[in-house]
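Q: sequence first, then the predicted structure:
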Amino acid sequence: MKSRYVPAYDLFKLVVAIILTIILIFLLLEERDRRYALLDVSAVPTVTQLVIESTATQSPLDLTSSPTQQPPTVTSTSTPAPEATATDITAPEPPPTETAVVIDPTSEPLQASNPNECPANPTRLQAGMNVKVLDWLNFRTGPGLQYEIQRTNKPGTQMEVIGGPVCTVKGENPPTAYLWWNVKMESGQEGWSAEAPLNFPNYFLEPTE
């Protein structure tokens with residue numbers, strides 16, 4: 001009677017063969033994945049590239065085939081203006097006034113330089129006079145309350161009137177005004193001071209001669 005006993009060595013070889021087969025299958029799968037991973041993705045055209053290539057192969061649109069695509073041609077018929085020469089430009093002569101007009105940057109309307117047209121106290125001054133300060137008086141950089149105060153002169157300060165007057169009006173019913181004079185101190189400093197207050201009969205300045 002023949003024995004059916006399978007030697008242990010044959011069983012060992014069968015197990016080794018199975019293991020090697022599994023390892024071989026695993027290596028083949030891994031090699032396939034590695035090849036896919038190394039595949040140059042940039043070589044595969046995307047949808048955008050296909051659209052661009054398809055457009056580039058088409059013939060360019062002939063914009064001149066349609067008259068609506070062409071911009072209208074404008075033909076200028078105007079003649080160039082003649083160049084101004086020195087004889088063409090005539091500077092307007094300024095109106096004769098006692099002093100140059102000073103623009104007041106506030107809402108105070110600027111009146112005529114003629115002191116008789118200013119609704120202020122009657123003036124006693126004129127350019128070229130020497131004057132004396134009667135009360136504490138502000139010495140400003142311009143003819144108006146909005147200008148910077150350079151200093152405040154005390155009573156008795158001597159000054160010379162070198163320009164003016166300029167009238168700045170306050171109110172309407174009735175209008176009142178300051179009459180400003182351009183004055184120079186003994187130190188040579190120049191500025192502007194009002195001759196009199198708005199509603200009082202006294203004066204800030206009086207002539208000394």
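A: Great, that's in hand. Quick caveat, the model's predicted, so the values are computed rather than measured.
Q: for Thr168, list each beta-bridge partner.
A: Beta-bridge pairing of Thr168 under DSSP bridges involves Leu110, Tyr178.
Q: confidence score at it?
A: On the pLDDT scale, Thr168 is placed at 93.
Q: how about Thr152?
A: 97.
Q: got the contact list for the helix or strand harbouring Val183?
A: Using DSSP states H and E, Val183 falls within strand 176-185. Contact with strand 176-185 is made by 99, 111, 115, 118-121, 123, 125, 131, 139, 143-145, 153, 157-170, 190-199, 205, as judged by CB atoms under 8 Å, 6 or more residues apart in numbering. (Each C-beta comes from the backbone N, C-alpha and C, glycine too.)
Q: which residues belonging to it are considered buried?
A: Neighbour-count burial for strand 176-185 flags 177-183, 185 (criterion: 16 or more other CB atoms under 10 Å).
Q: can you give me phi and psi for Pro174?
A: The phi and psi values for Pro174, taken as degrees, to the nearest 10, are phi -90, psi 160.
Q: got the contact list for the residue lying closest to it once chain neighbours are set aside?
A: Closest residue to Pro174 apart from its sequence neighbours, by CB to CB, 6 or more residues apart in numbering: Pro119 at 7.1 Å. The neighbours of Pro119, taking CB under 8 Å, 6+ apart as the test, are 167, 169, 174-177.
Q: over to Leu137?
A: 152-153, 157, 193-194, 204-205.
Q: look up how far Thr141 lies from Ala194.
A: 14 Å (CB to CB, to the nearest Å).
Q: of those two, who's got more company?
A: Counted by other CB atoms under 10 Å, Ala194 and Thr141 do not tie: Ala194 has more neighbours, with 25 against 13.
Q: that one contacts Phe200, doesn't it?
A: No. Taking contacts as CB atoms under 8 Å, Ala194 lies outside contact range of Phe200: 11.6 Å.
Q: export the helix or strand that comes right after the strand holding Val183 to PDB, keeping only CA atoms.
A: Next along the chain after strand 176-185, taking DSSP H and E as the criterion, comes strand 190-194. Output of strand 190-194 as PDB, limited to C-alpha atoms (Å, rounded to 0.1, in the frame of the first residue of the first chain):
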ATOM      1  CA  GLU A 190       5.800 148.100   7.100                       C
ATOM      2  CA  GLY A 191       2.200 147.100   7.700                       C
ATOM      3  CA  TRP A 192      -1.500 148.100   7.700                       C
ATOM      4  CA  SER A 193      -3.500 149.800  10.400                       C
ATOM      5  CA  ALA A 194      -7.100 151.200  10.600                       C
END
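Q: what's the angle between strand 190-194 and strand 176-185?
A: When axes from the mean of the first three to the mean of the last three CA atoms, to 10 degrees is applied, the directions of strand 190-194 and strand 176-185 differ by 150 degrees.
Q: report pLDDT for Val161.
A: The model's pLDDT for Val161 equals 97.
Q: beta partners of it?
A: Val183.
Q: quick check: can you list the domain ranges of this structure?
A: 8-38, 115-207 (automatic domain parsing).
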